[in-house]
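Asker: Based on what follows, work out the 3D shape:
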Amino acid sequence: HAMARMLNRCVASSFVTWVMFWEERRRMRSLINHAVAKFQHQKVAPAFRSLWLYSMASDQRRAESRRREVILDRCRKRMRHQLAGKAWGSWVSMWKDAKRVRA
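Answerer: Numbering: from 1, shown residues only. A predicted model of the protein is given here:
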């Protein structure tokens, strides 16, 4: 029994040491990735900013285009309604003239 306990203690101790090594390695890898990302970010940041500004300008152009389209649609509707109103007025005038001529 004593030999089995000693072996188990040794195995458990080795496992704990391995886990600690693995966690430290993971932490170090994370730190290195973070540092590399910062260096890359400094080099890539201007490109991302340029892309972001282009995207914002593109969104503004789309919004302006939509706004113009809405304005044009309103103008078209107004013109159609004016034309229909004039046609109606002409028809009513013609109808009244015809009614007056008959009477």
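Asker: would you list every one of the helices in the protein?
Answerer: Across the chain, reading from the start of the chain, the helices by DSSP state H fall at 2-102.
Asker: so where is it shaky, pLDDT-wise?
Answerer: Within the chain, the segments meeting pLDDT under 70 span 7.
Asker: Now with 80, please.
Answerer: For the chain, applying pLDDT under 80 flags the ranges 1-11, 39-41, 43-45, 48, 103.
Asker: Could you measure from Trp91 over to Ala98?
Answerer: Between Trp91 and Ala98 the distance is 10 Å, computed by CB to CB, to the nearest Å. All C-beta spots, glycine's among them, are computed from the backbone N, C-alpha and C.
Asker: sorry, that was for Arg61
Answerer: If you measure Arg61 against Ala98 using CB to CB, the figure is 55 Å.
Asker: likewise Ser30?
Answerer: For Ser30 relative to Ala98 (CB to CB), the value is 92 Å.
Asker: same check, this time on Met3
Answerer: According to CB to CB, Met3 stands 125 Å off from Ala98.
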